[in-house]
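Participant: build the 3D model from these lines:
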Amino acid sequence: MHNRGKRVGRLVDRHLDISFFGTDAAAHTRRSVGCVARPGAVASTLHDLLRESFVLFLRCGWSFLLHLAGFPPTEWINMSSQGVMSKLKRSLWQGNGPDYERVDLEDGFEKEHTNKRSSRHVKPVVITLAFLLTIFLFLTSGRKSTKPAVSLKETLPPAYLRMVYPARQADANFCKIILSGAILNYPEPMLIGFEGKNQQENTDSTLDLAERISQKTSILGIDKHLRNISATRDEDLVVIADGLNTWFQLRPQTLLDRYFESNRNADARIRKELGIMADTLKIHQTIIFGAQRDCSPWNAEDPACSVVPESSLPKDIYGPLTDVEAGEKQDRFTKHRPRYISPGFAIGPLGAMRKLYAEAAKRAMGDEHLQEGGKVLGQIFAEQEMARESHKAKPGSAFQGLSAWLSSFWESPSAVADRQAQQLKETDLSREFGIGLDYASGLAFEAAHADGDMEWVKFGDSASVHAANAKHGISDSRISSIGPDVGASLPPFWTYSHETLPSRSTPWTNVSLLTNVWTGVTPAIIQHDINNYKTDSLRESWWSNIWYQKYGRKMFDVHVQSPIGPVAISGYDAASRRQWWSAEDWKGGARNETRFWWRYEDVCGGTEQEVFRDKKGPWYLPSNH
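Facilitator: As a prediction, this is how the structure comes out:
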């Protein structure tokens, strides 16, 4: 198949040099504007083959269009694209065509009257121009992703899914994230700033600046960890999750599928907003943070809050009171759509995350006001959105984009590259980090100010669905069925061995899942807010409801005994799907920044009453491990 693909490409290359004109001048015209197949070009995929054919046709069609318009080759060969377009418009609409007279009507519309003077060239020229425009729209707007296409003869190599948990010490909440991640087959994590079991915070004044800042924020520790990973691993995915406030609910397959889908949707929105500048400046989403309803630790009037875009959720998602502050006796943000960055969850390519956290660490080191919580990340995100706003398409840019696109057909590849490089040079991209937010909370649900939206729903039980809707007064149910990406993942109790658990074929519709009844979304990750007394207590009351808690001890045994394999197979499309593996070979614990392996029983002993709730004492590594 590999060799056959090359033969096809060369065959096309030899036989596409077709003349539309029969004169030497025409041949000179073809060579001048590129109406000839590129020497040595090889179409490695069917998409490339079709694109090369379209490009060749458009080049020749452009030459034919100018020929019909009466341009001598020597006059327009060296003209700029703007000059050609201007002269072409004058020739088409004022030269040989009918005269137009505009008559204003009373209703504000205009009617066109034409004289009877005929033309031989205008109609075919207009048809040709319309056809070229159609092809232009097909090639530029029909793409579903700005990500580079993968050749049919290529396969992407496996990559790592890296879990990073900032956590200073172990307690029952820390042990819940370790347990829940293991049960759902997430990779064992890297711990940032971890000091072991029930360590007292060091407030010694002899600590250096970086150590004192690390007491306030995990930014520096994350930055150091990412810098220590080889740049050859830049395509690995990194998941950062708060090590004391996170539970996993769905499998990594669902998390990654939603990550790639969210990026595809965001890129489509960015192209719509920025027009041709999105591709020219290579602006697209690669990093996704959680989204929260209030702008803490910033104040609402701060630029870090006021300039960020609105949530992508419908403006009436909660009815007429959407985004309206509640009364004094209620949570004031309960009806607000998630809009602000939450530092408790992030996912993105290692290379992009390294760049972002290096910038965040530099700012935190230089300004003590940015060392609180997620302030520095909020500032970076706001500045990115302000910069993107300045790149948005201006009126008339659609025609300019078409002109620039058509002009690229007679420009040499080096000229196109030089022009784009100049545009990049003239544009400040230092504030662009590819950040987007998980507005729908499909990746990670932020419980702060939002716990009232959530219900434990068993989708296979109509009574459970009805009760959830009735509690919130929802007549048009948004939770009538489970998300297809959830149902398509491995069943919740599927294991390599036949343990004394519910059937391996038990579907997701038969387990209780925390779901947003207003959006119908079941999040892959649940994040609590330690600063809110109500959601802090939910870390205890909700724990009994999560589907695996009752079977936690046995499912943890199964995890540490199971063979190592890919945790997910996912990508932007079928051609870019790849296997995602754990970067850690050991199971049943976590590793810290010094590469020391912390066994679960060593740091979580004494938490079993809260974590397992089965009165069977501490968990120990199975003897047959």
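Participant: secondary structure class for Leu161?
Facilitator: strand (DSSP: H, G, I helix; E, B strand; the rest coil).
Participant: test my guess that it contacts Glu584.
Facilitator: No: using C-beta atoms under 8 Å as the test, Leu161 is too far from Glu584 to be in contact (10.3 Å). No exception for glycine: its C-beta is placed from N, CA and C like everyone else's.
Participant: between these two, point out the one with more neighbours.
Facilitator: Leu161 (23 against 18; other C-beta atoms under 10 Å).
Participant: which stretches of this protein have low pLDDT?
Facilitator: Within the chain, the ranges that satisfy pLDDT under 70 run 1-155, 198-216, 373, 393-428, 530-536, 624-625.
Participant: still on that earlier bit, give me the common contacts of Leu161 and Glu584.
Facilitator: Residues touching both Leu161 and Glu584 (C-beta atoms under 8 Å, 6 or more residues apart in numbering) are Pro187.
Participant: in the stretch 151-300 of the chain, which spans are helices?
Facilitator: 172-183, 209-216, 219-227, 252-274, 276-280 (DSSP state H, counting those that start in this stretch).
Participant: name the stretch among these that sits most buried.
Facilitator: helix 172-183 (a mean of 24; mean count of other C-beta atoms under 10 Å).
Participant: could you export that one as CSV, CA atoms only?
Facilitator: Coordinates of each C-alpha in helix 172-183 appear next as CSV, following Å, rounded to 0.1, in the frame of the first residue of the first chain:
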residue,chain,number,x,y,z
ALA,A,172,-9.0,10.6,53.5
ASN,A,173,-9.7,13.1,50.7
PHE,A,174,-6.3,12.5,49.2
CYS,A,175,-6.9,8.7,49.4
LYS,A,176,-10.2,9.1,47.6
ILE,A,177,-8.6,10.5,44.5
ILE,A,178,-6.0,7.8,44.5
LEU,A,179,-8.6,5.1,44.9
SER,A,180,-11.1,6.4,42.4
GLY,A,181,-8.5,6.9,39.7
ALA,A,182,-7.2,3.4,40.2
ILE,A,183,-10.6,1.8,40.0
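Participant: pull the residues that contact that helix.
Facilitator: 163, 165, 167, 187-189, 241, 243-249, 539, 543, 546, 548, 552, 555-556, 559-560, 587-590, 600, 603-604, 607, 610-611.
Participant: what subset of these is buried?
Facilitator: 163, 165, 167, 187-189, 241, 243-249, 539, 543, 546, 548, 552, 555-556, 559-560, 587-590, 600, 603-604, 607, 611 (16 or more other C-beta atoms under 10 Å).
Participant: and those residues, which of them are in strands?
Facilitator: 163, 165, 241, 246-248, 589-590 (DSSP state E).
Participant: farthest-apart pair in these, please.
Facilitator: Trp247 and Gly589 (18.0 Å; C-beta to C-beta).
Participant: closest to Ser430 out of the ones in strands among the buried ones among the contacts of helix 172-183?
Facilitator: Ala241 (28.1 Å).
Participant: hang on, the closest one packs against Phe345?
Facilitator: Yes: with contact defined as C-beta under 8 Å, Ala241 and Phe345 form a contacting pair (5.5 Å).
Participant: what's the overlap in contacts for the two?
Facilitator: 444, 525, 527.
Participant: check contacts around Ile474.
Facilitator: 517-518.
Participant: three-state assignment of it?
Facilitator: Quick answer, by three-state DSSP: Ile474 is coil.
Participant: am I right that Thr515 is in contact with Ile479?
Facilitator: Yes: contact between Thr515 and Ile479 holds when scored by C-beta under 8 Å: they sit 5.8 Å apart.
Participant: what's the top strand by length along the chain packed up against?
Facilitator: If each strand of the chain is counted by residues according to DSSP E, the longest one is strand 340-349. In terms of contacts (3 or more C-beta pairs under 8 Å, 6 or more residues apart in numbering; DSSP states H and E), strand 340-349 is packed against strand 237-241, strand 287-292, helix 375-390, strand 435-438, strand 444-446, strand 525-527.
Participant: what are the buried residues along it?
Facilitator: So strand 340-349, judged by 16+ other C-beta under 10 Å, has buried residues 340-349.
Participant: do the same with stretch 486-497
Facilitator: For stretch 486-497, by 16+ other C-beta under 10 Å, it's 486, 489, 491-493, 495.
Participant: can you give me the end-to-end span of that stretch?
Facilitator: When the termini of stretch 486-497 are compared using C-alpha to C-alpha, to the nearest Å, they are 22 Å apart.
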